[in-house]
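Participant: Build me a structure from this.
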Amino acid sequence: MTEVEPDQLREAVESQHGGRATLAQSVPVRDEFLGETAWEGVVHVFDLEGVPAASRAYAWSTVIDDATQRRRFYAVLHAGPIKSPVDAVRAAMVAEHRAKS
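Facilitator: A predicted model of the protein is given here:
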């Protein structure tokens, strides 16, 4: 899978949450559920300025259409129960599952 540039993820964070985002690190994440890989990829961690709700955000993208390579961008704030890149991925997966139900 082709990864996107960190600048694209920074733009996603800033457009979804406001403020100014600065890349702090990139973290490989592999999340398992019932012994199977539920998600695997790289989550980019951004420090935030000007966002009262959080001082950090997690961002990544996934391909939603293999034919056109269209992507969905995720930007999750480090707030409440979200304390790590894995927490952010899990929260996004749960939210998507609920939206489909």
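Participant: got a list of what the most centrally placed residue in the chain touches?
Facilitator: Geometric centre of the chain, nearest residue: residue 59, 3.0 Å, by CA atoms, centre = their mean. Applying CB atoms under 8 Å, 6 or more residues apart in numbering, one finds that residue 59 lies in contact with 9, 10, 12, 13, 43, 44, 46, 73, 74, 75, 76. Placement of C-beta: from N, CA and C, glycine included.
Participant: quick one: which of the residues you listed sit in strands?
Facilitator: 43, 44, 46, 73, 74, 75, 76 (DSSP state E).
Participant: Now a PyMOL select for only the buried ones of those.
Facilitator: A single PyMOL command is used to select the members of those judged buried by 16 or more other CB atoms under 10 Å:
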select buried, resi 43+44+46+73+74+75+76
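Participant: closest to residue 91 among the ones in strands among the contacts of residue 59?
Facilitator: residue 76 (6.1 Å; CB to CB).
Participant: if I look at the closest one, how far off is residue 101?
Facilitator: According to CB to CB, to the nearest Å, residue 76 and residue 101 sit 20 Å apart.
Participant: try residue 8
Facilitator: 30 Å.
Participant: Comparing those two, which residue is more hemmed in?
Facilitator: residue 8 (14 against 5; other CB atoms under 10 Å).
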